[in-house]
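Undergrad: Sequence and predicted structure below; questions after.
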Amino acid sequence: MHCPICDKEFDENAPKAALPFCSMRCKLIDAARWLDEKYSLPIEPGDDVPSEAFYEP
């Protein structure tokens, strides 16, 4: 299995695995990227979401 952050190959059956990451360090890097909004999920305006909910930062 490869870590999505550092691309290091690791054994997912190893004790203390932070799956899908190779280590707690990579897991925290990923969490920080989500919190810093470096990752996002695309959404498009539709009938169920008011257009004022979309803004440009």
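TA: Perfect, thanks for sending it.

Undergrad: which stretches of the protein form helices?
TA: Taking DSSP state H as the criterion, the chain carries its helices at 24-35.

Undergrad: Look up how far Pro42 lies from the residue nearest to Cys3 when sequence neighbours are not counted.
TA: Nearest-residue entry for Cys3: Cys22, 3.8 Å, with adjacent residues in sequence omitted and distances by CB to CB, 6 or more residues apart in numbering. Backbone N, C-alpha and C define where each C-beta goes, glycine included. Distance of Cys22 to Pro42, computed by CB to CB, to the nearest Å: 28 Å.

Undergrad: Looking at the two, which is more packed in?
TA: The neighbour count for Cys22 versus Pro42, taken as other CB atoms under 10 Å, is higher for Cys22 (23 against 4).

Undergrad: mind checking the end-to-end distance for stretch 4-14?
TA: Stretch 4-14 stretches 17 Å from its first residue to its last (CA to CA, to the nearest Å).

Undergrad: before we move on, the earlier item: thought the residue nearest to Cys3 was touching Asp7?
TA: No. Cys22 lies out of contact with Asp7 (CB atoms under 8 Å); the separation is 9.2 Å.
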